[in-house]
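Trainee: when you get a sec, could you give me coordinates for this:
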Amino acid sequence: MPDNPTDAELVAAYKAGDPEALGALMERHKAAVYGYLLRLTGRADAADDIFQEVFLKLVKTPGAYGEREKFKAWLFTVARNAAMDHFRRVGARGEVPLEGDAQRPGPVDLAASHDPGPEEAFFNKALGERIAAALACLSADQLEVFYLRHYSELSFKEIAGMLDLPIGTVLARMSRAAARLREKLGGYLQ
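Mentor: Below you'll find the model as predicted:
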């Protein structure tokens with residue numbers, strides 16, 4: 001196997017019996033997938049459980065991934081479907097508080113610097129609160145497209161395929177989300 005194998009090469013190696021290839025895939029994508037699930041569910045315990053389900057699917061059915069599609073897009077599709085199954089089992093999505101708790105940091109905690117001075121700490125906390133409030137103004141559909149594009153770095157085409165929507169719909173949702181965020185964060189974007 002090459003020094004820096006592609007996702008498709010790692011999947012092929014795993015299918016051929018190399019268990020370390022699965023570990024490499026998990027390591028490569030765990031932060032993005034887990035972060036996406038955490039944003040969707042708002043709970044670390046739910047994100048942990050769904051994350052396990054996603055990679056168990058690859059372990060149990062390695063043939064489910066077709067090499068014609070990009071592995072990352074396929075993985076996020078599996079993650080989204082597992083999250084939707086979770087929501088059907090337990091009810092609607094949880095609310096994400098501005099500040100975190102012992103299990104999960106909130107948007108305010110993530111925006112704040114670890115070693116700020118008093119002025120910087122105040123600004124970072126205020127900015128985190130503004131960002132969280134602006135994100136809370138987006139519809140669930142807009143928020144999902146925004147997260148997939150900016151945090152998971154999927155292309156609009158991949159997002160459209162994942163959500164089974166026309167690309168124009170995905171672009172429109174992103175455009176409306178960006179306009180709404182500009183409106184809410186106008187003074188902070190300069």
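Trainee: contacts, neighbours, all on C-alpha from now
Mentor: Fine.
Trainee: what's the longest helix in this protein?
Mentor: As assigned by DSSP state H, the longest helix anywhere in the chain is helix 19-41.
Trainee: go through whichever helix or strand comes after that helix and flag the buried ones.
Mentor: Next along the chain after helix 19-41, taking DSSP states H and E as the criterion, comes helix 44-60. Across helix 44-60, burial judged by 16 or more other CA atoms under 10 Å covers 44, 46, 47, 50, 51, 53, 54, 55, 57, 58.
Trainee: buried residues in the following helix or strand past helix 44-60, which are they?
Mentor: Note on helix 44-60: by DSSP H and E, the next helix or strand toward the C-terminus is helix 71-90. By neighbour count with 16+ other CA under 10 Å, helix 71-90 contains the buried residues 71-84, 86-87.
Trainee: same question, stretch 151-168
Mentor: Those would be 152, 154, 156, 158, 159, 160, 161, 162, 163, 167, for stretch 151-168 by 16+ other CA under 10 Å.
Trainee: for the spatially most central residue of the chain, give me its contacts.
Mentor: Centroid check for the chain by CA atoms, centre = their mean gives residue 36 as the closest residue, at 1.9 Å. Neighbour list for residue 36: 147, 148, 151, 152 [criterion: CA atoms under 8 Å, 6 or more residues apart in numbering].
Trainee: so it versus residue 61, what's the distance?
Mentor: 22 Å (CA to CA, to the nearest Å).
Trainee: same check, this time on residue 29
Mentor: For residue 29 relative to residue 61 (CA to CA), the value is 18 Å.
Trainee: who has more neighbours, the two?
Mentor: Per other CA atoms under 10 Å, whichever of residue 29 and residue 61 has more neighbours is residue 29, with 15 against 11.
Trainee: show the pLDDT at that one.
Mentor: You'll see residue 29 listed with a pLDDT of 88.
Trainee: so what's the closest residue to it other than its chain neighbours up against?
Mentor: Nearest non-adjacent residue to residue 29, counting by CA to CA, 6 or more residues apart in numbering: residue 72, 7.7 Å away. Neighbour list for residue 72: 7, 29, 154 [criterion: CA under 8 Å, 6+ apart].
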